[in-house]
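**Student:** Predicted structure and sequence below. I'll ask about it afterward.
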Amino acid sequence: MTIVAAFYRFVSLPDAPNLQKNLSDQCEANGIKGTILLADEGINATIAGSRQGIEAVLTFLQQDSRFDNLEVRESEAQTPPFERLKVRLKREIVTFGNATANPAYQVGTYVDPKDWNQLIDDPTTLVIDTRNEYEVSIGTFASAVNPQTRSFREFPGYVQTHLDPQKHTRVAMFCTGGIRCEKASAYLLSQGFEQVYHLQGGILRYLKEVPPAESRWQGECFVFDERVAVGHGLEPGSYEMCHACGHPIEQAAQASPQYEAGISCPACYDRLTPERRDRLRQRQQQQAQSNQKSDQIAESGT
């Protein structure tokens, strides 16, 4: 069984380049795969490996006082969800593109999953899903507004054109793990909104802690690894990933004539040029040959 650990923290990291090397060394030494993003504003990571390996990396991190009491969301995967390790330096740990959103300076009110239903059931609360359209399409809270954004960079524009601090006096937001809501809530506060709430630990913590019988969640939650989606209890979902466009594919879409594994799905079929389709088929063939070779090596015991 593989342990998947996701965590983030907005904190000043002027030494991010040094931390990049040290974290990479620690992960390599403990067999950890996944993605870690570092920036001046903090850290954002989803990593996977053995229990011992995950604990070794977290222990290393939390020796630094800036990462004391780091909130880590854990789940299990039957197979490793990542093929390699990436520890990268970025301008932002979640791309927003607006400097007025600074969670280290101000942030909305955290709402524990056990209190979330009461908040969103209140008709005076405007509930907003801050994720992108393709994520929302496979699952969301029943009462949530979908901003129909293609990237998180579009969220400030949505706020400017659709929200009014005088009219929308009570706003509750949520996202996959909580990080986008930190920036979104900081932005709304900077724009004059006063009552701004966000789901602590995100959808993943809600699905893990809230019993299905009490849940307001509908559908599955998209995750950024090979699991594609999870449901209540963080059990693996029913979606596959289109490796051509990155769109989640439900089982019905996999039966569509527009679906070809590694080549296209109904979401991207009409956008593919013949040249692009040929390149994807070549890549798929190369991947199949590589997998076949790996299987032969494993079977031979060499």
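**Tutor:** That came through fine.
**Student:** any idea of the mean pLDDT in the one helix or strand residue 59 maps to?
**Tutor:** Following DSSP states H and E, the helix or strand that holds residue 59 is helix 51-62. Per-region confidence: helix 51-62 scores 96 on mean pLDDT.
**Student:** What helices and strands are in contact with that helix?
**Tutor:** Applying 3 or more Cβ pairs under 8 Å, 6 or more residues apart in numbering; DSSP states H and E, one finds that helix 51-62 contacts strand 2-10, helix 16-29, strand 42-49. Every residue, glycine included, has its C-beta placed from N, CA and C.
**Student:** From the contact counts, what lies against the shortest one?
**Tutor:** Using 3+ Cβ pairs under 8 Å, 6+ apart as the contact criterion, the secondary-structure elements in contact with strand 42-49 are strand 2-10, strand 33-39, helix 51-62.
**Student:** Mind doing that once more with 7 Å?
**Tutor:** Judged by 3 or more Cβ pairs under 7 Å, 6 or more residues apart in numbering; DSSP states H and E, the packing partners of strand 42-49 are strand 2-10, strand 33-39.
**Student:** Tell me the strands beside that strand, with direction?
**Tutor:** With DSSP bridges as the test, strand 42-49 is paired with strand 2-10 (antiparallel), strand 33-39 (antiparallel).
**Student:** got the CA coordinates for it in PDB?
**Tutor:** Listed next in PDB are the C-alpha coordinates belonging to strand 42-49 (Å, rounded to 0.1, in the frame of the first residue of the first chain):
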ATOM      1  CA  GLY A  42       5.600  29.000   0.800                       C
ATOM      2  CA  ILE A  43       5.400  25.300  -0.100                       C
ATOM      3  CA  ASN A  44       2.800  23.100  -1.800                       C
ATOM      4  CA  ALA A  45       3.300  19.300  -2.100                       C
ATOM      5  CA  THR A  46       1.700  16.000  -2.900                       C
ATOM      6  CA  ILE A  47       4.100  13.100  -2.400                       C
ATOM      7  CA  ALA A  48       3.700   9.300  -2.200                       C
ATOM      8  CA  GLY A  49       5.700   6.400  -0.900                       C
END
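**Student:** Can you name the residues in contact with it?
**Tutor:** 2-11, 13, 27, 30-37, 54, 57, 77, 80-82, 93-94, 179, 224-225 (Cβ atoms under 7 Å, 6 or more residues apart in numbering).
**Student:** okay, and for this structure, where does confidence drop off?
**Tutor:** By pLDDT under 70, the weakly predicted segments of the chain are 287-302.
**Student:** Now with 50, please.
**Tutor:** 293-302 (pLDDT under 50).
**Student:** Quick one: the helices in it, in order.
**Tutor:** Using DSSP state H, the helices of the chain run over 16-29, 51-62, 113-121, 133-136, 155-162, 179-190, 202-209, 251-254, 274-300.
**Student:** any idea how far residue 183 is from residue 104?
**Tutor:** As judged by Cβ to Cβ, to the nearest Å, residue 183 and residue 104 stand 11 Å apart.
**Student:** can you count the residues close to the spatially closest residue to residue 32 that is not a sequence neighbour?
**Tutor:** Nearest residue to residue 32, sequence neighbours excluded (Cβ to Cβ, 6 or more residues apart in numbering): residue 49, at 4.2 Å. Number of residues near residue 49 (other Cβ atoms under 10 Å) recorded here: 23.
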